[in-house]
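# Please work out how this folds:
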Amino acid sequence: MANSLKNIVKYRWLIQQLVGRDLKVKYKRSYLGYLWSLLNPLLMMIVISTVFSYVFRYSIENFPIYLLCGSVMFNYFSESTNMAMTSVIQGSGLIKKVYVPKYILPLSRIISSFVNLGFSLLAVVIMLFITRTPIRWTIVMFPIPIIYLFFISLGVGLFLCVLATYFRDAIYLYTIFLQALMYFTPLFYPVSVLPEKIQFIIKFNPMYHIITFFRDVVLYGNVPSVRDNVVCIGFAVLSMLVGTYFFRKHQKNFLLYI
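Now for the predicted structure:
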């Protein structure tokens, strides 16, 4: 771990260049550019809230913000892990030419997606003012669930990077998995509408805990308990341990598959 941190500092210039490249490529030839990171969650919120606000109008207070808080966090997880998944494949030219720690590639993708998250969070702030949602002091705690999610996404991204490099079909299977995970996460419905058995199963979904944490501090003004933090930290640590171990064990054979 110490050696990995030293390499991150040593190759920080390369990480900056890779992150900058990802951002430029994403918005290449786009007139609105970075504004799409702001507009996309707002437009999705309008569309989905129009459909589901009638269904859940009695169950969820301030449904647009409820939906936006969940979708912003889930979209970051989805985008960052998808980008990290193909990072070694798309960075094969760099790996073949010069030596760089291979985990720099998925890490840079997670960070570039993290920058996009910043614009999406601005959309949340804008909607809080538009809907005249009370701004409570707990909102200052919003970075905590985001930090947890960053490490969860990094661990998952490292794991998926190995799978995609060895088995290209994993890329398509993960798309299906994300769709299932989206419906398995209470983004646009309250978890209370589900049977108790299903609610118990959903609690094994780390995105449920991260999104609930984020909504508590931003929307409801609740201070998450020690248990809430321990659960989120547990998922982050588990993700990093599994992802790092899996990546370090199999990275030596990447050149044979790219």
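
# From the centroid of the protein, which residue is nearest?
With distances taken as CA atoms, centre = their mean, residue 77 lies nearest the centre of the chain, 1.9 Å away.

# Dihedrals phi and psi, it?
Dihedral angles of residue 77 (phi, psi; degrees, to the nearest 10) stand at phi -60, psi -50.

# what about the nearest residue to it once chain neighbours are set aside, helix or strand, and which?
Nearest-residue entry for residue 77: residue 153, 5.3 Å, with adjacent residues in sequence omitted and distances by CB to CB, 6 or more residues apart in numbering. For every residue, glycine as well, the C-beta is placed using N, CA and C. Element membership of residue 153 [criterion: DSSP states H and E] is helix 143-166.

# May I have that helix as CSV, with CA atoms only?
As requested, C-alpha coordinates have been extracted for helix 143-166 and formatted as CSV (Å, rounded to 0.1, in the frame of the first residue of the first chain):
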residue,chain,number,x,y,z
PRO,A,143,-18.4,14.7,1.2
ILE,A,144,-18.4,11.7,3.5
PRO,A,145,-20.6,9.3,1.5
ILE,A,146,-18.9,10.6,-1.7
ILE,A,147,-15.5,9.5,-0.3
TYR,A,148,-16.9,6.1,0.6
LEU,A,149,-18.3,5.8,-2.9
PHE,A,150,-15.0,6.8,-4.5
PHE,A,151,-13.2,3.9,-2.8
ILE,A,152,-16.1,1.4,-3.5
SER,A,153,-16.0,2.4,-7.2
LEU,A,154,-12.2,2.1,-7.3
GLY,A,155,-12.2,-1.4,-5.8
VAL,A,156,-14.9,-2.5,-8.1
GLY,A,157,-13.2,-0.8,-11.1
LEU,A,158,-9.9,-2.6,-10.4
PHE,A,159,-11.8,-5.9,-10.2
LEU,A,160,-13.7,-5.3,-13.4
CYS,A,161,-10.6,-4.1,-15.2
VAL,A,162,-9.1,-7.6,-14.8
LEU,A,163,-12.3,-9.3,-15.9
ALA,A,164,-12.7,-7.2,-19.0
THR,A,165,-9.0,-7.6,-20.0
TYR,A,166,-9.2,-11.4,-19.7
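
# Counting by contacts, list what it packs against.
Counting contacts by 3 or more CB pairs under 8 Å, 6 or more residues apart in numbering; DSSP states H and E, helix 143-166 is packed against helix 63-85, helix 87-90, helix 104-130, helix 169-183, helix 206-215, helix 226-250.

# Just checking, which helix or strand of this structure averages the lowest pLDDT?
Taking all helices and strands of the chain together, the one with the lowest average confidence (mean pLDDT, DSSP states H and E) is helix 35-52, at a mean of 65.

# measure the residue of the chain most remote from its centre to residue 228 for me?
Among residues of the chain, the one most distant from the C-alpha centroid is residue 97; the distance is 30.6 Å, by CA atoms, centre = their mean. Per CB to CB, to the nearest Å, residue 97 is found 46 Å from residue 228.
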